[in-house]
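Colleague: Kindly return the folded structure for what I paste below:
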Amino acid sequence: MHRVHAVSRAAPAQVLRFPRVQTANRGLIEGDTARPPAATRAGAPRACACRVSVSAESRSRRKRAEVAFRELPVGAAEVGGDLSVRALCFRGAGDAGARALPAAALRSSVVFGLRPQTPSFPFPAVGVTAAMNKKKKPFLGMPAPLGYVPGLGRGATGFTTRSDIGPARDANDPVDDRHAPPGKRTVGDQMKKSQAADDDDEDLNDTNYDEFNGYAGSLFSSGPYEKDDEEADAIYAALDKRMDERRKERREQREKEEIEKYRMERPKIQQQFSDLKRKLAEVTEEEWLSIPEVGDARNKRQRNPRYEKLTPVPDSFFAKHLQTGENHTSVDPRQTQFGGLNTPYPGGLNTPYPGGMTPGLMTPGTGELDMRKIGQARNTLMDMRLSQVSDSVSGQTVVDPKGYLTDLNSMIPTHGGDINDIKKARLLLKSVRETNPHHPPAWIASARLEEVTGKLQVARNLIMKGTEMCPKSEDVWLEAARLQPGDTAKAVVAQAVRHLPQSVRIYIRAAELETDIRAKKRVLRKALEHVPNSVRLWKAAVELEEPEDARIMLSRAVECCPTSVELWLALARLETYENARKVLNKARENIPTDRHIWITAAKLEEANGNTQMVEKIIDRAITSLRANGVEINREQWIQDAEECDKAGSVATCQAVMRAVIGIGIEEEDRKHTWMEDADSCVAHNALECARAIYAYALQVFPSKKSVWLRAAYFEKNHGTRESLEALLQRAVAHCPKAEVLWLMGAKSKWLAGDVPAARSILALAFQANPNSEEIWLAAVKLESENNEYERARRLLAKARSSAPTARVFMKSVKLEWVLGNLAAAQELCEEALKHYEDFPKLWMMKGQIEEQEELMEKAREAYNQGLKKCPHSTPLWLLLSRLEEKIGQLTRARAILEKSRLKNPKNPGLWLESVRLEYRAGLKNIASTLMAKALQECPSSGVLWSEAIFLEARPQRKTKSVDALKKCEHDPHVLLAVAKLFWSERKITKAREWFHRTVKIDSDLGDAWAFFYKFELQHGTEEQREEVRRRCENAEPRHGELWCATSKDIANWQRKIGEILVLVAARIRNPF
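Modeller: Below is the predicted model of the structure:
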């Protein structure tokens, strides 16, 4: 509290106490107003006005502020002279702080001048500024709220639409300038404000003045900042810092305790379940998989809240119900019990004063619907129809079932448009009808419009009016027959026949309306009397007749319609062989430009065993058609040949193919085009056509090895063993140097169990190809497969002397190896390496034999020597790495793989083995890192992508598979991985589909067949398993990691493909 001493003449000096005044500018008194407590005011007998003069220096001008203090009690009646008090107040400092301030800080002076109050005024005087503050509105100077529009409350603004409002405001959107306080709404205002803050004086406007706190800014902020100001600010900062440090430790301790208490009362979810999460490490994978799915225990209404949603009723609903009454306004007189005679006074005489009691002013408005009356009318009509169902005679009914159902269907409006559109269309069609009443489409469109809106009777009336206006329009009569019920439609059609006796469509419609076969025949025969040259009428009439009557009618039909090919051919089918020939000859005379007659004649001859005439007929057909100016279309004739093939006319099919296969083809394109035609026929399942094409191509190109091979593969896949062997005998006669043809013939005999015939074929092959490696090895395989090991050894010895190739040596080593003669195998291997040291398979076999004998050092030496000679052989690197891993040298195996990747960059197999090595060692993180590097170096490797899918956790595998398919869409390894992924997710249908896709893309991948067979063992039937096994045996796969590991095992060297498939499938683990 600050003390002010007042000296009075009448009373001793008293001490006046009033609260210390604080402002926002470091505590200095700068124009703020201070008022005494209410207790002080209450005890004051008199009051005087206190005038406070605040003086301040400014760079630009001097201002004077006057503040009036009300009811400041003093103890002196009058004060002589002025009392000047120099005071300085600051925030939280007290008197001690004031005494400690230097003189430089006491820049502002507050002079209190006390003057006596006039006795005639009992209340204190109030200054002008205080009077203005009472009138000031509290919202002045505040920013406008969001969405505020000036003048909206008094209606001084236009209306707004939804498009004017714009989209909703986001929380991150910048604030609109309209809602900024005055003076800050534009960038220009803000720039002016900043310039005024720099150059101008303080803002002393009333909008910047608060009644309690005074001015928001400092009165002296525009003055120069001198050294004494800096010293004063430093003192203030030191005092603030000191006051802040007094209770710092206590405050921090209190805050810490409050935080700990809060965390104990409201712990985080992570802290609540931390002990349970630690126990999750003990859960096994089987327990995870056995956890059931979370079910929805709510009731059906809670699970499906969509039924409780309320939506606005569409306009189409009201439009449909507005018209429902129109369907019940009339009753068919046929359906009333007495045909309407039961109504008393049918003329309406019983109605009292008809129309006289209903003045127009009392009639309710037509715009409103009385739904109660509509419901009563509907109930009345339903009761009447139900009473009509049963007649007085038990078991009989007077209701036409078809007509009743038709009426019921007519009550259901099928239109979905707006009622206004229907009114517009109705008005437009009415205008068309009135403008051009003889325009049939206008009447048809009007009737259909009324039909779709549910007004079936109006539609019938309109279309009947249309028949009157357009009696010669066939479409109008047909539409009228369609809209009318059964008997009425017959009457309409009969009337139409009288107007249009030559209309075929009307006769057909009349026959369709008849339900009795005899009536149909009668109508059609009557139609043929009027229109005897209509093919459609003849065909419809013949279809209703028996074969004998149909033959008689067709005899008459071809006389009336001699240019109809269908009628001639139909008659030929019903006639005997001799008469059919005559009929076809007459048809050729009448229609010399149609090829179907000639083809039918050829099929007729073939069906009766006269196959010699087939070729002649087709040749005559080509000649005759060309003579009559008909262009021979090769594609059409090939389609006819395929139809003949499907019909069983093989000779005709082959004759047509031979006749047209060479038409319109350049000589240099014949082979390519014919092979494409053969493939097309195979795709269309026209095998005889394809066989005919191959036969013709072999006649033209007898020495082409590729054509013979295509034909042989066709017979192997779609023919019999006899046809294949016959073709191969012809093939080796024309191409004796084609080793593959000899081998196919020998293999066919061997598979049939005829080993001597296979040996004789190979003997003939030796004569034609004395030094052929393939034939030598085929002979060795034939003998070894039949357990003739000595003969196989002799053959290999002869082969090594006559054709000493690397493969011959390798087969020799393998034969001794599989027979258990490891010493002989080692000797042959050493001998072979002297001649072919750059053949990696010999080094691999040498190392594997040493490894089988448990000689690890010699095996390592063999692999190392092989890598020196063959540094780019991936299998050698893999064998050496696996050998080191097998003996526990994991670091050395890792180093070998790193070295192999340096010498063979971008090798997916080496990267895959590196990843698997780390995974087998339990270093899954390193394996994942290596896989990422591998995919960067080999981004299109399907093997790596397929392995990467199953390296991921289960939730991420699907995403990884999508990435793999984007990179390697048609890679069989990726497709196989996706199939296994679906299998692991128990999606059986999709998994089977992807397995089919995999083996279709690459049937040589044995692993795909093995996984497919394993899948069918678990989820398929016996037929599906046998189908997979049969397809695998036909495909004869040779590749695949698991497949090769099993098929090339010494213990399985004599097993068939089906047995190897079973063994590989047994080694496969479930992917889940």
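
Colleague: Of all the residues in the longest helix along the chain, which ones are buried?
Modeller: Longest helix of the chain, by residue count under DSSP state H: helix 227-246. Neighbour counts over helix 227-246 (16 or more other Cβ atoms under 10 Å) mark 232, 235-236, 239 as buried. Any C-beta I mention is one placed from the backbone N, CA and C, and that applies to glycine too.

Colleague: got the contact list for the helix or strand encompassing Lys933?
Modeller: According to DSSP states H and E, Lys933 maps onto helix 924-937. With contact meaning Cβ atoms under 8 Å, 6 or more residues apart in numbering, helix 924-937 is reached by 905-906, 908, 911-912, 914-916, 918-919, 941, 944-945, 947-948, 951.

Colleague: which among these end up buried?
Modeller: 908, 911-912, 914-916, 918-919, 941, 944-945, 947-948, 951.

Colleague: Could you dump those residues into a markdown table with secondary structure and pLDDT added?
Modeller: Formatted as a markdown table, the buried ones among the contacts of helix 924-937 follow (DSSP: H, G, I helix; E, B strand; the rest coil; pLDDT from 0 to 100):
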| residue | secondary structure | pLDDT |
| --- | --- | --- |
| Pro908 | helix | 94 |
| Trp911 | helix | 96 |
| Leu912 | helix | 95 |
| Ser914 | helix | 95 |
| Val915 | helix | 95 |
| Arg916 | helix | 94 |
| Glu918 | helix | 94 |
| Tyr919 | helix | 93 |
| Ser941 | coil | 94 |
| Leu944 | helix | 95 |
| Trp945 | helix | 96 |
| Glu947 | helix | 94 |
| Ala948 | helix | 95 |
| Leu951 | helix | 92 |
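
Colleague: how's the chain carved up into domains?
Modeller: 2-135, 969-1072 (automatic domain parsing).

Colleague: Compare the mean pLDDT across these and name the weakest.
Modeller: Sorting the domains of the chain by mean pLDDT places domain 2-135 lowest, at a mean of 38.

Colleague: My guess is Pro440 contacts Val476. True?
Modeller: Yes. At 4.8 Å, Pro440 counts as touching Val476 under the criterion of Cβ atoms under 8 Å.

Colleague: More neighbours: the two, which one.
Modeller: Neighbour count, other Cβ atoms under 10 Å: between Pro440 and Val476, Val476 has more, with 25 against 19.

Colleague: Now name the helix or strand holding the more buried one.
Modeller: Per DSSP H and E: helix 474-483 holds Val476.

Colleague: Do a quick rundown of the helices in the stretch 801-950 of the chain.
Modeller: Listed in chain order, the helices of the stretch 801-950 of the chain (DSSP state H, counting those that start in this stretch) span 806-818, 822-835, 840-852, 856-869, 874-886, 890-903, 908-920, 924-937, 942-951.

Colleague: Residue ranges in the stretch 351-500 of the chain under the pLDDT threshold?
Modeller: 351-373, 381-418 (pLDDT under 70).

Colleague: hey, where'd the helices end up in it?
Modeller: Secondary structure of the stretch 351-500 of the chain, counting by DSSP H, counting those that start in this stretch: helices at 371-388, 401-410, 419-435, 440-452, 456-469, 474-483, 486-499.

Colleague: Now render those as JSON lines, adding distance to Gln729.
Modeller: As requested, those are exported to JSON lines (distance: least, Cβ to Cβ, whole Å):
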{"stretch": "helix 371-388", "distance to Gln729": "85"}
{"stretch": "helix 401-410", "distance to Gln729": "72"}
{"stretch": "helix 419-435", "distance to Gln729": "79"}
{"stretch": "helix 440-452", "distance to Gln729": "72"}
{"stretch": "helix 456-469", "distance to Gln729": "77"}
{"stretch": "helix 474-483", "distance to Gln729": "68"}
{"stretch": "helix 486-499", "distance to Gln729": "71"}
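
Colleague: Quick one: closest of those to Ala758.
Modeller: Minimum separation from Ala758 across the helices of the stretch 351-500 of the chain (Cβ to Cβ) falls at helix 474-483, 74.7 Å.

Colleague: ok, residues contacting the closest one?
Modeller: By Cβ under 8 Å, 6+ apart, helix 474-483 touches 440-441, 443-444, 447-448, 451, 456, 459-460, 463-464, 466-467, 470, 489, 492-493, 495-496, 499-500, 503, 505-506, 509, 513.

Colleague: Now the buried members of the residues you listed.
Modeller: 440, 443-444, 447-448, 451, 456, 459-460, 463-464, 466-467, 470, 489, 492-493, 495-496, 500, 503, 506, 509, 513.

Colleague: any idea of the mean pLDDT for the host helix or strand of Ala519?
Modeller: Following DSSP H and E, one finds Ala519 within helix 517-530. For helix 517-530, mean pLDDT is 89.

Colleague: Flag the shaky bits of the stretch 101-250 of the chain, pLDDT-wise.
Modeller: Checking the stretch 101-250 of the chain against pLDDT under 70 turns up 101-141, 155-222.

Colleague: hmm, back to that, what's the closest of the helices of the stretch 351-500 of the chain to Leu795?
Modeller: Across those, closest to Leu795 is helix 474-483 (Cβ to Cβ), at 85.7 Å.

Colleague: can you list contacts of stretch 777-794?
Modeller: Taking Cβ under 8 Å, 6+ apart as the rule, stretch 777-794 contacts 743, 746-747, 750, 755, 758-759, 762, 766, 795-796, 799, 807-808, 811, 815, 819, 1054.

Colleague: Selecting buried members of those in ChimeraX, what would you type?
Modeller: Buried residues within the contacts of stretch 777-794, by 16+ other Cβ under 10 Å, are selected in ChimeraX with:
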select :743,746,747,750,755,758,759,762,766,795,796,799,807,808,811,815,819
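
Colleague: How about the backbone phi and psi for Leu1005?
Modeller: The phi/psi pair for Leu1005 (degrees, to the nearest 10) reads phi -90, psi 100.

Colleague: Isn't it up against His1039?
Modeller: Yes. With contact defined as Cβ under 8 Å, Leu1005 and His1039 form a contacting pair (5.9 Å).

Colleague: Those two - which one has more neighbours?
Modeller: Leu1005 (23 against 14).

Colleague: mind listing what the more buried one touches?
Modeller: Here Leu1005 is in contact with 972-973, 976, 998-999, 1037, 1039-1040, 1043 (criterion: Cβ under 8 Å, 6+ apart).

Colleague: hmm, try it at 7 Å
Modeller: Shown in contact with Leu1005 (Cβ atoms under 7 Å, 6 or more residues apart in numbering): 972, 1037, 1039-1040.

Colleague: How about Trp994?
Modeller: 975, 978-979, 982.

Colleague: Looking at those, spot the one nearest Arg263.
Modeller: Distance to Arg263, by Cβ to Cβ, is smallest for Phe982 among these, at 47.8 Å.

Colleague: so that closest one touches Ala991, yeah?
Modeller: Yes. Phe982 lies in contact with Ala991 (Cβ atoms under 7 Å); the separation is 3.9 Å.
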